[in-house]
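**Q** turn this into a model:
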Amino acid sequence: MATLSARADAVYQNDYHHQLRSRLWAALSDTEFDDRHGDGEPPGFVYSNPFPPRDMQAGDERTVLVAAPEKELLAHVAADLLDNREFNISEMPFYVEDVTPVSPDVGEPGSTGTIETGTGVLVRIPPWRCDEYNIDHPGGDTAVFWRPEHTMEPFVTQLENNLDQKHDRFCPDYLPGPSETDHELFDSYELLKTFAVPVTVTKGQEMTFVLSKWRFEYQVRDDDHRRHLNLALDTGIGERNGLGLGFINITDDE
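**A** Predicted coordinates:
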């Protein structure tokens, strides 16, 4: 968790994704994680927006959370932020006041709680699965952004498949992934909103994504389920986590 102070008055920039991602990759430059940049695989980290998301005056405090399943990656990021405390995100100039470790955990089997999305979730249905879900496809190789009218089945399936990929990359091979167990990842899915947002995916290239925000309820079934939920907290859910999409938080647990 990075605690930031604004170095000048600034208007809050909703197009923070690319600049914040670039700052984190710069922190990982010349480390063992540097070669993941642009390799097409899940990057192994996700991050929040600078919050609270509103215009600021010099000296105002903001927070950015960075999550990853590998402690070494987080250690590199933390060390770089403390060594290079100037932290500029788009037109928002910050100074890093402090970096604090946090370790979210959904809890032991039997624990219940609520998880909410801190940033929008990107889920796309590949063209070869559109017929299966009775989704009209425009043709070509373009994936279709999930929308509420597509029903929950493709959303849940794509979410699980995506988390399977991350489990394959970051967890031991002998442990079962999300699709290899009988339980659902979440007990309930409450859609809060869908929205379209332009996102700079690389320098000079902007795309409009259809995203969604959610509230999920869960009860931890067993140790495998606990690992899957904690992996989702560490890597984000859905696609394009390297742009900060799909960042989730525990908002209530017991």
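**Q** which residues in the stretch 1-150 of the chain form helices?
**A** 17-27, 71-83 (DSSP state H, counting those that start in this stretch).
**Q** deepest-packed of these, please.
**A** When those are scored by mean count of other CB atoms under 10 Å, the highest mean neighbour count falls to helix 17-27 (a mean of 19). (C-beta placed from N, C-alpha, C; glycine too.)
**Q** tell me how far that one lies from the chain's centre.
**A** Distance of helix 17-27 from the chain centroid (CA atoms, centre = their mean, to the nearest Å) equals 14 Å.
**Q** which other helices and strands contact the lengthiest helix in the chain?
**A** Scanning the chain for the longest helix, with DSSP state H as the assignment, gives helix 152-170. Applying 3 or more CB pairs under 8 Å, 6 or more residues apart in numbering; DSSP states H and E, we find helix 152-170 packed against strand 124-125, strand 188-202, helix 223-235.
**Q** among those, which is nearest S179?
**A** Checking the helices and strands packed on helix 152-170 against S179 by CB to CB gives helix 223-235 as the closest, at 9.9 Å.
**Q** helices and strands around that closest one, which ones?
**A** strand 66-67, strand 112-117, helix 152-170, strand 248-253.
**Q** right, and F94 touches F87 too?
**A** Yes - shown here, F94 and F87 form a contact pair, counting by CB atoms under 8 Å, at 4.2 Å.
**Q** so the two - more neighbours on which side?
**A** Each of F94 and F87 has its neighbours counted (other CB atoms under 10 Å); F94 has more, 25 against 21.
**Q** need the contact list for the more buried one.
**A** L4, S5, A6, R7, P50, R62, E86, F87, N88 (CB atoms under 8 Å, 6 or more residues apart in numbering).
**Q** tell me the bridge partners for it.
**A** A6, F87 (DSSP bridges).
**Q** and it, how close does it get to S29?
**A** 20 Å (CB to CB, to the nearest Å).
**Q** also Q158?
**A** 32 Å.
**Q** what's stretch 14-33 in contact with?
**A** Outside stretch 14-33, the residues that touch it by CB under 8 Å, 6+ apart are 34, 36-37, 44-45, 47, 49-50, 53, 64, 66, 70, 72-73, 76-77, 79-81, 84, 87-90, 92, 197-203, 242-245.
**Q** distance between the ends of it?
**A** From its first residue to its last, stretch 14-33 covers 27 Å (CA to CA, to the nearest Å).
**Q** between the helices and strands packed on helix 223-235, which gets nearest to L185?
**A** Of these, nearest to L185 by CB to CB is helix 152-170, at 6.3 Å.
**Q** pull out the buried residues from that closest one.
**A** Across helix 152-170, burial judged by 16 or more other CB atoms under 10 Å covers P154, F155, T157, Q158, L159, E160, N162, L163, K166, H167.
**Q** hang on, the first one packs against Y133?
**A** So the one you mean is P154. Yes - the criterion here is CB under 8 Å, and P154 meets it with Y133 at 4.7 Å.
**Q** which residues are in contact with each of these two?
**A** Residues touching both P154 and Y133 by CB under 8 Å, 6+ apart: I125.
**Q** mean pLDDT and mean neighbour count for the helices and strands packed on helix 152-170 - can I get that in a markdown table?
**A** Shown next, in a markdown table, are those (pLDDT from 0 to 100; neighbours: other CB atoms under 10 Å):
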| stretch | mean pLDDT | mean neighbour count |
| --- | --- | --- |
| strand 124-125 | 94 | 20 |
| strand 188-202 | 92 | 13 |
| helix 223-235 | 97 | 21 |
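**Q** indicate which one of these is closest to N249.
**A** helix 223-235 (7.9 Å).
**Q** chain center to the closest one, what's the gap?
**A** 13 Å.
**Q** list the contacts of that helix.
**A** Residues contacting helix 223-235 (CB under 8 Å, 6+ apart): 42, 44-46, 67-69, 104-109, 115, 163, 166-167, 170-171, 175-178, 181, 183, 185, 218, 220, 241, 248-250.
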